[in-house]
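> next input, structure requested:
(one chain, ligands or ions: 3)
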Amino acid sequence: MAPPVERTPLARCLILLHSLLLLLPRGVPCRGATRAPESPCHRAEHPLISHTEIEPWIHRFRAEGTVDYSQLTFDPGQNELIVGARNHLFRLHLEDLSLIQVGEKSMSACLSVCLSEECQNYIRVLLINGDRLFTCGTNAFTPICTNRTLTNLTEVHDQISGMARCPYNPLHNSTALITSSGELYAATAMDFSGRDPAIYRSLGGLPPLRTAQYNSKWLNEPNFVSSYDIGNFTYFFFRENAVEHDCGRTVFSRAARVCKNDIGGRFLLEDTWTTFMKARLNCSRPGEIPFNYNELQGTFFLPELELLYGIFTTNVNSIAASAVCTFNLSAITQVFSGPFKYQENSRSAWLPYPNPNPDFQCGTIDYGSYVNLTERNLQDAQKFILMHEVVQPVVPVPYFMEDNVRFSHVAVDVVQGKDMLYHIIYLATDYGTIKKVLSPLNQTMGSCLLDEIELFPPKKRQPIRSLLILHSRSELFVGVRDQVIKIPLMHCNFHKSRDACVGARDPYCGWDLVLKKCTTLEESISMSQWEQSITRCPVRNVTVDGHFGAWSGWKACSHSDGGSVGSCQCRTRACDSPSPQCGGQPCQGISVEVANCSRNGAWTPWTPWAPCSTSCGIGFQVRQRSCSNPTPRHGGRVCVGQNREERYCNEHLPCPPHVYWSAWSPWERCTVPCGGGIQSRRRTCENGNECPGCSVEFQSCNTLPCPDLKKTTPWTPWTPVNISDNGGHYEQRFRYTCKARVTEPSLLEVGRQRIEMRYCSSDGSTGCSTDDLLRSGRITGLTVNGGWSVWGPWSQCSRDCSSGVRNRKRTCSNPKPKYGGITCLGPAQEFQECNTTPCPVDGSWSCWSPWSKCSVTCGGGHYMRTRTCNNPPPAYGGDICLGLHTEEALCNIQPCPESWSDWSEWSPCDSSGSQVRLRHCDVLFPTGNQCSGNSSETRACLPISNFIPETSVARSSQEERWCGVFIMQTYLIAQCHN
Ligand SMILES: *[C@@H]1O[C@H](CO)[C@@H](O)[C@H](O)[C@H]1NC(C)=O
Ligand SMILES: *[C@@H]1O[C@H](CO)[C@@H](O)[C@H](O)[C@H]1NC(C)=O
Ligand SMILES: *[C@@H]1O[C@H](CO)[C@@H](O)[C@H](O)[C@H]1NC(C)=O
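Numbering: from 1, shown residues only. Ligands and ions are numbered 1, 2, ... in the order given. Here you go, the predicted structure:
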């Protein structure tokens with residue numbers, strides 16, 4: 001165990017821990033800030049420029065689908081902003097961040113299989129080298145660097161490996177620069193996992209060199225922050241695990257440097273820096289036990305002043321706190337000239353070791369060759385890496401400190417104020433705001449937080465990835481995940497009043513007493529008229545104007561309106577977001593709103609009665625009203641009663657009987673069977689004769705032409721003509737052929753005439769020679785007007801009885817109009833009623849009557865039935881009924897049963913010698929020939945001896961019967977006539 005130098009490491013650690021616990025909860029008050037009275041109206045708060053206030057002043061650039069705008073740089077002419085984002089390079093106009101050119105997306109072949117975020121090409125090196133742009137990207141864990149034309153980003157010259165120039169993993173922190181002689185100095189992880197960090201020089205004319213590999217004394221899990229090319233050296237700023245800290249794992253901030261003319265060692269430190277040295281940067285709040293801001297996050301170097309601004313934070317695992325410390329380059333150089341801190345072996349303590357080359361300046365470049373330039377003993381160079389002294393800031397207390405925030409980037413502007421030059425520090429916070437801090441003016445006043453600019457609306461904040469200041473234009477460029485933002489640093493006309501302008505304590509701004517506005521120094525008329533008073537820190541105006549909060553929900557409430565109380569919906573709001581404070585304005589507007597009050601419905605007046613539903617006879621009529629005067633609303637009463645009333649009307653106005661046509665009768669018979677006749681149908685007017693229109697209607701019928709009729713007359717006999725010739729004479733005979741389409745042959749007119757002529761010699765020897773002639777009359781002459789022929793005969797009547805019609809025709813042929821003559825006037829057809837007598841009605845029999853009773857019950861009677869010709873009776877010459885009107889038949893022809901009883905025995909002979917026998921009628925009411933004859937018989941007594949008994953009795957004629965014969969009589973009542 002190595003003996004402790006002052007205290008045991010463990011004891012020191014405990015004290016440090018204790019101090020942390022004591023210090024942190026109390027916070028770190030801003031240096032120079034005076035404790036304000038507790039009244040909230042007098043609390044010192046820094047002014048805040050909200051996102052909505054700053055938005056009109058800023059420009060933004062976004063490219064669809066592109067993220068990680070983490071690399072920003074300017075072209076040498078400072079006309080363009082070069083942006084490196086994921087997979088893309090952009091050239092933007094400084095003026096408004098409008099796009100000039102997009103560098104093509106360079107995709108690794110791996111991209112198609114590896115889809116995670118890290119597989120994209122994250123640009124991590126973006127350097128200007130003359131007219132070239134040198135960029136390196138992670139390129140899906142296969143870093144690649146390209147050399148492009150600055151003015152044409154798509155023109156790629158070289159493509160080289162990015163190993164040791166660019167991290168593999170986009171999350172690894174790295175830094176790089178190119179010197180004027182073309183060497184690339186890069187500080188980055190050289191492998192995939194980040195376990196092999198290096199500061200590596202390549203390209204250019206000098207041999208490539210690196211830091212010793214896997215040697216935690218050189219670099220121990222570093223996070224590189226920045227690098228600068230200053231004089232003979234290249235400086236690197238980073239934080240790393242403190243190898244010299246022997247109690248647990250602590251991160252220290254470092255400044256390291258190498259000589260630019262280092263060419264590496266021979267045998268020892270081959271290809272390795274021989275001039276690499278590093279020193280701790282201290283940024284802490286002094287006290288009995290200092291509070292350390294150990295972790296360097298960003299730097300800004302002012303070359304003219306050789307002043308380095310650094311931002312430091314606490315470890316990510318502890319309470320967030322940040323501080324700004326400034327270092328003079330001379331202080332760094334001085335530490336590098338001082339003793340080294342050296343540990344013999346891993347168990348021994350770190351001890352100071354005198355610097356063998358206290359005024360080391362990278363040798364003498366004047367030697368002109370690389371030999372021995374570094375003037376360092378290679379053994380020393382391998383042994384002595386870490387400086388014993390710690391680089392202390394310009395002032396022991398940090399320029400600026402704040403708790404609960406982590407600064408990530410810093411930029412510094414040097415501003416000419418009215419009285420002096422001011423340093424303004426721009427600090428990017430991890431939640432997307434920019435803090436504008438005025439560097440301490442003197443030992444007594446300390447720094448001032450001038451304002452804080454919100455780049456995003458409160459819910460859309462995101463960390464800042466890059467911060468770049470352009471002094472020549474006083475503009476700040478900020479890269480975040482999804483955009484680049486340009487903020488003007490001078491926004492003096494933001495302040496409208498003199499108080500606000502001067503009270504802002506902004507070195508950029510002053511009140512121009514002539515122009516009466518807040519201007520920059522350049523804009524002011526003269527410096528003497530320009531008022532600026534930077535004597536203390538600005539205080540946020542804490543007067544708060546009241547503003548209404550959100551409306552409450554609607555609630556039922558009652559509301560009286562002209563005497564009647566209705567139920568309404570009400571809502572309220574309070575002047576509480578915020579309520580007016582420190583003399584702010586009260587809320588303007590109403591705090592109660594009443595709506596949807598209930599209202600009872602009422603009827604409109606009745607409409608007039610509508611017209612009666614009928615024009616005669618009983619009808620009804622209606623009138624209406626509606627519940628809309630007013631309409632009930634929001635639970636008000638509805639109207640009571642009917643909205644419609646009906647009553648009878650025209651009760652005393654009987655309707656006249658309805659006059660109407662009966663239906664048409666069927667069409668009657670056509671006047672002609674062919675060649676176009678007419679037929680009619682009729683209707684009758686019921687209930688009067690007022691019906692409009694005709695009672696008879698005609699239509700043409702049988703329009704088909706009649707068949708051609710042709711008739712040739714026989715030859716007339718030969719008749720001599722009055723021409724004689726040679727004693728002979730001529731004879732002539734005629735015949736006519738008629739042809740027409742007419743209904744009847746009788747209507748035929750004589751048509752062609754044939755004439756035959758013959759010559760008969762006087763002696764008759766030659767007979768008559770026949771000479772045919774056809775005569776045709778041909779009238780020549782002037783125009784002939786038409787004239788009617790006589791009427792033709794009447795056609796057949798359309799009906800035989802009960803009024804038919806008939807027609808007759810005439811033709812315009814007497815004469816026919818010729819040679820342009822006019823045709824006949826008047827109708828060519830005429831109609832007439834005919835057969836007006838009613839049609840004959842044929843008589844028809846009534847039904848037969850029932851048969852009459854039989855005249856006897858036995859022994860043959862007769863019965864009859866009748867009918868009459870009255871169904872209907874014959875009329876108008878109709879036929880009488882044909883047949884019998886009486887029918888008779890026999891009945892009960894069965895013989896009547898025996899009606900006499902048997903004869904009794906002959907009585908004894910009486911005194912007169914006769915004896916009697918008797919019989920009686922068995923039928924009570926004998927009919928016909930029943931019981932005809934006598935009921936007693938008398939005979940002379942016979943001597944007993946010669947009594948011959950009667951054995952048979954002959955039948956009397958009375959006992960003969962009718963058999964199966966009917967007699968029928970026919971009565972002819974009428975005879976048909978044909
Ligand atoms: C870029 O290309 C130029 C011209 O080809 C060359 O001079 C320069 O060395 C290259 N730079 C890098 C870093 O490759
Ligand atoms: C930029 O370079 C590319 C590739 O060399 C070329 O095709 C293109 O024309 C160039 N554009 C301009 C504007 O020069
Ligand atoms: C790089 O630096 C940032 C900011 O300090 C830090 O959050 C991040 O963890 C660092 N990256 C690595 C790999 O340590």
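> just for the stretch 301-450 of the chain, where's the confidence low?
Scanning the stretch 301-450 of the chain for pLDDT under 70 picks out the ranges 364-375.
> could you do the stretch 801-950 of the chain as well?
820, 927-929, 943-950.
> all strands of it, in order?
Per DSSP state E, counting those that start in this stretch, the stretch 801-950 of the chain carries strands over the ranges 804-809, 829-834, 861-866, 886-891, 914-918, 936-940.
> what are the contacting residues of the last one?
Pointing back at strand 936-940 there. By CB atoms under 8 Å, 6 or more residues apart in numbering, the residues outside strand 936-940 that reach it are Trp903, Trp906, Gly913, Ser914, Gln915, Val916, Arg917, Leu918, Arg919. All C-beta spots, glycine's among them, are computed from the backbone N, C-alpha and C.
> ok, the first one next?
Contacts of strand 804-809 with the rest of the structure, by CB under 8 Å, 6+ apart, involve 668-669, 671, 677-678, 680, 698, 791-799, 828-835.
> so the residue in the stretch 251-400 of the chain positioned nearest to ligand 1 versus ligand 2, what's the distance?
Per CB to the nearest ligand atom, Lys260 is where the stretch 251-400 of the chain lies closest to ligand 1, at 15.9 Å. Lys260 is 33 Å from ligand 2, where distance means CB to the nearest ligand atom, to the nearest Å.
> now Ile100
Per CB to the nearest ligand atom, Ile100 is found 10 Å from ligand 2.
> ok, the residue of the stretch 251-400 of the chain closest to ligand 1 - contacts?
Taking CB under 8 Å, 6+ apart as the test, what Lys260 contacts is Thr179, Glu183, Leu206, Asp229, Asn232, Phe233, Thr234, Cys362.
> could you do Pro76 as well?
Per CB under 8 Å, 6+ apart, neighbours of Pro76: Ile128, Gly130.
> which phi and psi does it have?
phi -60, psi -30 (degrees, to the nearest 10).
> so where's the stretch 451-600 of the chain shaky on pLDDT?
In the stretch 451-600 of the chain (pLDDT under 70), the answer is 540-543, 561-565, 583.
> could I get the full set of strands for it?
With DSSP E, counting those that start in this stretch as the criterion, the stretch 451-600 of the chain has strands at 466-470, 475-479, 484-488, 509-512, 517-520, 530-531, 555-561, 564-572, 592-595.
> so which elements touch the fifth one?
Judged by 3 or more CB pairs under 8 Å, 6 or more residues apart in numbering; DSSP states H and E, the packing partners of strand 517-520 are helix 498-503, strand 509-512.
> can we see that at 10 Å?
If you count contacts as 3 or more CB pairs under 10 Å, 6 or more residues apart in numbering; DSSP states H and E, strand 517-520 packs onto helix 498-503, strand 509-512, strand 530-531.
> how much space separates whatever residue of the chain ends up closest to ligand 3 from Pro197?
Residue of the chain nearest ligand 3, by CB to the nearest ligand atom: Asn173 (3.7 Å). According to CB to CB, to the nearest Å, Asn173 stands 10 Å off from Pro197.
> and if you look at Tyr235?
17 Å.
> likewise Val316?
Relative to Pro197, and taking CB to CB, Val316 is found at 19 Å.
> ok, the two, which is more surrounded?
Using other CB atoms under 10 Å, the more surrounded residue of Val316 and Pro197 is Pro197, with 29 against 9.
> the more buried one contacts Arg239, correct?
No. Taking contacts as CB atoms under 10 Å, Pro197 lies outside contact range of Arg239: 11.9 Å.
> mutual contacts of these two, please.
Taking CB atoms under 10 Å, 6 or more residues apart in numbering as the criterion, Pro197 and Arg239 both touch Asn173, Glu221, Pro222, Asn223, Phe224.
> could you dump those residues into a markdown table with pLDDT, distance to Gly265 and neighbour count added?
What follows is these, written out as a markdown table (pLDDT from 0 to 100; distance: CB to CB, whole Å; neighbours: other CB atoms under 10 Å):
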| residue | pLDDT | distance to Gly265 | neighbour count |
| --- | --- | --- | --- |
| Asn173 | 95 | 28 | 18 |
| Glu221 | 93 | 25 | 15 |
| Pro222 | 95 | 22 | 27 |
| Asn223 | 96 | 28 | 21 |
| Phe224 | 97 | 24 | 26 |
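> tell me where the stretch 851-978 of the chain has helices.
Secondary structure of the stretch 851-978 of the chain (DSSP state H, counting those that start in this stretch): no helices located.
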